[in-house]
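**Q** task: produce atomic coordinates for the following.
(2 chains)
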There are 2 protein chains.
Amino acid sequence: MSRIAPLSGFPEWLPAERVVEQQVLDTVRRVFELHGFASIETRAVEPLEQMLRKGEIDKEVYVLRRLHAESDEADAGLGLHFDLTVPFARYVLQNAGHLEFPFRRYQIQKVWRGERPQEGRFREFTQADIDVIGRDTLAFHHEVEVALVMAEVFRALPCPPAVILVNNRKLAEGFFLGAGATDAAAALRAIDKLDKIGPEKVAALLESDAGLTAEGAQKCLALAGIRSADVSFVAQVRALGVEHELLTEGLDELAAVIAAASARMPGAVVADLKIARGLDYYTGTVYETQLVGYESFGSVCSGGRYDSLASDGRTTYPGVGISLGVSRLLSVLIGRGLVTASRSVPTAVLVAVSDDDARGTSEDVAAALRARGISTEVAPSAAKFGKQIRHADRRGIPFVWFVSDDGTHSVKDIRSGDQVDADPTSWTPPAEDLVPVVALAQNEESTS
Amino acid sequence: MSRIAPLSGFPEWLPAERVVEQQVLDTVRRVFELHGFASIETRAVEPLEQMLRKGEIDKEVYVLRRLHAESDEADAGLGLHFDLTVPFARYVLQNAGHLEFPFRRYQIQKVWRGERPQEGRFREFTQADIDVIGRDTLAFHHEVEVALVMAEVFRALPCPPAVILVNNRKLAEGFFLGAGATDAAAALRAIDKLDKIGPEKVAALLESDAGLTAEGAQKCLALAGIRSADVSFVAQVRALGVEHELLTEGLDELAAVIAAASARMPGAVVADLKIARGLDYYTGTVYETQLVGYESFGSVCSGGRYDSLASDGRTTYPGVGISLGVSRLLSVLIGRGLVTASRSVPTAVLVAVSDDDARGTSEDVAAALRARGISTEVAPSAAKFGKQIRHADRRGIPFVWFVSDDGTHSVKDIRSGDQVDADPTSWTPPAEDLVPVVALAQNEESTS
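**A** The predicted structure follows:
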């Protein structure tokens, strides 16, 4: 079992890094639940035909096979889910009779894609999704809501400032059609490549694939350049002189999102009219999120509105959702050293053991501390006290507890060396030492 | 996408059931962390050769293949992990230079086995493991510790009483050898079948496979019948008149576990000398756990001591660990209706909307409540108040908040109908309504 190397694309954290991840996940969950989203989890596998419906064969799915499988195996045709949206849509259809609509759920799970790993892009990664799904109808205000919930998540996280960029599919498609496009979807795909191939090549694609004139293509590029934190984008779009019913509808919706969001959380949500979200089947508001200063990592939080998230033929379920890429976010926070944990263990107190026969006395102290919510370990051996203190120090445990031969108790802060008499039924560590603290590193804090 | 059926062996919970699962997982994590166990997670996949080392080909592993894979693919030969012990051993070897020993970790993750599904046995299930792993040596007292941590978990859970059954491999092997067995491992495998095939067939196996005489086989069966909550088992074993050095060592160890456990948590840990743990490579204490009244579900929490949990050839890492089968436990608690959640949503308050233009006022109330940790939703539409109250009722939300035209606020407990004036910056629901409460159903509580 020698020569063990990490597997590319399958990140794992050391304990102190995992403390950061736990803190991020706890914060995400707390904010989601404060907003009344209920937790669900779906199984890791879905039937392949389910995952590949709508012809999305661009996803690199991992297919399962039992090692000792017969060829006619019932669970042949299963793959690991590549997102949480497809499984959620299936869950809603399967359990619709047991759910109340609009159904608000969050889902924090790992997903798998057999893609080429690169910075911020993994084969196994964790996503944290919220969706609101209606039966037949879903009110527009939920398109404002999910963006604000995620903005609140980012404010609660130890994290560089995040900006949620919002666009609207009706706005974009209406504009393309109004500008003369014969294929609005092709225009959207072309604009989606703007950051990769630049405006000249996009203009060529708009003409060749979307049926636009050179003038129409330039208008579309001008549209993609519009970005504003307030509703001033509306006038900028109007100034381009393109008219279309769908455009008007989209402008109204996007203006409503930006007006509500800027009133409630100024600067957190910005209209950015080049956001396209590629091949995904959104029909209204779409979202992407940039970490300020780390834009090159790509979007850490994306989503949008579907008019039909799921349908069983009789009933259609419209939805709006947004998905936080937890692993990508952590690859910035941990990978760039932006965030640190104060220690790698939950333990606040190590109870020293004076000799092996007295272990029970130390266990009593530990039980008394734990009963009041203080994470406590008993020293693994009755080594010299200096060695026991070094054991605590190496693990980052801030306090060591001693019971002397005459039965008096004292606790030592091993960072300052201060040692005071203490009662295991009443002593409490300072709040900042009770659990590991996760915070932005100092240099990051001063610049943000 | 019609005709959606569940996949056998891949359990999923409805939101109210997921509340139970979350409560169980939160409790498990809290107790583990109180005892100073640090969280880690490992990737879902391991190289097949890693998982199948030691020739454990009895496990039904799911192998992965990328849908668009080339035949010479780098990630060919990966499978989903079937437990958390093999990945943990690999993690320790991979990261030994970054860990402090004895290393105490917990790991709560899903695992997969392509086995035939049956009650309490799944293809995808969640395990919650603690292990203490040393470098070169590991003190015996950790074999007491991990059992007591799990006993504390069971006491903290809404759950029927659990009994952790403990045996010792040295005791069993020493006894078999002392009774004349030529193959102690074969004797262990025979005893492991006692519940399945009965004493007569086990006796025959002990003679045919383990080389025991008829008298020796009877002594082994007598050993397997010994069970005690105190150290009285020692005298019962001695009375069988078998002598062996390893037996003496094992008796001393098991007596130490039972003495310490019965002093600290009377009745939680019991010596049961038929516990064998089959093919697993334990070398000292072994554990299984029964839920009283639900023994037929099998063990919900098992583990033991390894003298070599991992080794890189130069360094050996002994360990002791115990694994809670969360999914199996939930299949009892939820499947048998023993445990219920007070509601299926985190939401404590629904803020009514008087008309769509006043949604912002309701959002302000919600924000004020959330700022004080109260999970709050705003009604999805400005329907008649009766309909908004029914929406809360169907979702189990206990309180509905109203803002009247003159700006006065009131909150209604929709169960009692009581409505009182309230201030969103200071009103708080009763503690039992703040978050969903998970508890043993009444009929179960009265019998336990």
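**Q** what segments of the stretch 251-400 of chain A are helices?
**A** Per DSSP state H, counting those that start in this stretch, the stretch 251-400 of chain A carries helices over the ranges A:326-333, A:359-371, A:385-395.
**Q** can the longest one be found next to chain B?
**A** This means helix A:359-371. Yes - Helix A:359-371 is in contact with chain B by C-beta under 8 Å from any C-beta of the partner chain, via A:359-360, A:363, A:367, A:370. From N, CA and C alone the C-beta is placed, and that goes for glycine too.
**Q** may I see the ChimeraX selection of the buried members of the residues you listed?
**A** Only the buried members of the residues of helix A:359-371 next to chain B end up in this ChimeraX selection, burial being decided by 16 or more other C-beta atoms under 10 Å in any protein chain shown:
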select /A:359,363,367,370
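**Q** from the residues of helix A:359-371 next to chain B, which is closest to chain B?
**A** In terms of C-beta to the nearest C-beta, no member of these lies closer to chain B than A:R370, at 4.5 Å.
**Q** same list (the helices of the stretch 251-400 of chain A) but as a markdown table, adding mean pLDDT.
**A** Formatted as a markdown table, these follow (pLDDT from 0 to 100):
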| stretch | mean pLDDT |
| --- | --- |
| helix A:326-333 | 96 |
| helix A:359-371 | 96 |
| helix A:385-395 | 96 |
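**Q** return the most buried member of the ones you listed.
**A** Scoring the helices of the stretch 251-400 of chain A by mean neighbour count under mean count of other C-beta atoms under 10 Å in any protein chain shown gives helix A:326-333 as the most buried, with a mean of 23.
**Q** what lies in contact with it?
**A** Contact with helix A:326-333 is made by A:11, A:13, A:17, A:20-21, A:24-25, A:28, A:108, A:119-122, A:124-128, A:157-160, A:291, A:294, A:297-298, A:300-301, A:338-339, as judged by C-beta atoms under 8 Å, 6 or more residues apart in numbering or on different chains.
**Q** among those, which are in helices?
**A** The helices in this structure, assigned by DSSP state H, contain A:17, A:20-21, A:24-25, A:28 from the contacts of helix A:326-333.
**Q** now what about stretch A:400-419, what contacts it?
**A** Residues from elsewhere that reach stretch A:400-419, judged by C-beta under 8 Å, 6+ apart: A:349-352, A:354, A:358, A:361-362, A:365, A:369, A:376, A:385, A:388-389, A:392-393, A:397-399, A:420-424, A:427.
**Q** roughly how far apart are the closest residue in space to A:L273 that isn't next to it in sequence and chain B?
**A** Leaving aside its sequence neighbours, A:L273 sits nearest to A:I226 (C-beta to C-beta, 6 or more residues apart in numbering or on different chains; 4.4 Å). Note on A:I226: its distance to chain B, by C-beta to the nearest C-beta, to the nearest Å, is 26 Å.
**Q** likewise for A:D418?
**A** 22 Å.
**Q** burial of that residue, as a residue count?
**A** 9 (other C-beta atoms under 10 Å in any protein chain shown).
**Q** do a quick rundown of the strands in the stretch 251-400 of chain A.
**A** For the stretch 251-400 of chain A, the strands defined by DSSP state E, counting those that start in this stretch cover A:269-272, A:285-291, A:301-311, A:316-325, A:339-341, A:349-351, A:376-378, A:399-403.
**Q** would you format those strands as a markdown table with mean neighbour count and distance to B:A261 included?
**A** Listed next are those as a markdown table, based on neighbours: other C-beta atoms under 10 Å in any protein chain shown; distance: least, C-beta to C-beta, whole Å:
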| stretch | mean neighbour count | distance to B:A261 |
| --- | --- | --- |
| strand A:269-272 | 24 | 56 |
| strand A:285-291 | 25 | 50 |
| strand A:301-311 | 22 | 48 |
| strand A:316-325 | 25 | 44 |
| strand A:339-341 | 22 | 34 |
| strand A:349-351 | 27 | 19 |
| strand A:376-378 | 25 | 15 |
| strand A:399-403 | 22 | 22 |
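**Q** the ones you listed: which one's closest to B:L212?
**A** Go through these one by one with C-beta to C-beta and the one that ends up closest to B:L212 is strand A:376-378, at 42.1 Å.
**Q** residues from the stretch 151-300 of chain A in reach of chain B?
**A** A:260, A:263-264.
**Q** neighbour-wise, give me the winner out of those.
**A** With neighbours defined as other C-beta under 10 Å, the most crowded of these is A:A260; it has 20 neighbours.
**Q** right, and it touches A:E143 too?
**A** No - A:A260 is beyond contact range of A:E143, at 9.6 Å (criterion: C-beta atoms under 8 Å).
**Q** what is the neighbour count of A:F175?
**A** 28.
**Q** regarding it, which helix or strand does it belong to?
**A** Applying DSSP states H and E as the criterion places A:F175 in helix A:169-178.
**Q** likewise A:I130?
**A** Short version: A:I130 belongs to strand A:124-133, going by DSSP H and E.
**Q** same for that strand, what does it pack against?
**A** Counting contacts by 3 or more C-beta pairs under 8 Å, 6 or more residues apart in numbering or on different chains; DSSP states H and E, strand A:124-133 packs against helix A:15-34, helix A:85-95, strand A:103-112, helix A:141-156, strand A:301-311, strand A:316-325, helix A:326-333.
**Q** who's in contact with A:V378?
**A** Counting by C-beta under 8 Å, 6+ apart, A:V378 has contacts A:350-351, A:353, A:359, A:362-363, A:366.
**Q** to clarify, my last question referred to A:T182.
**A** Counted by C-beta under 8 Å, 6+ apart, A:T182 has contacts A:210-211.
**Q** so what does it have for phi and psi?
**A** Per-residue torsions, A:T182: phi -90, psi -20 (degrees, to the nearest 10).
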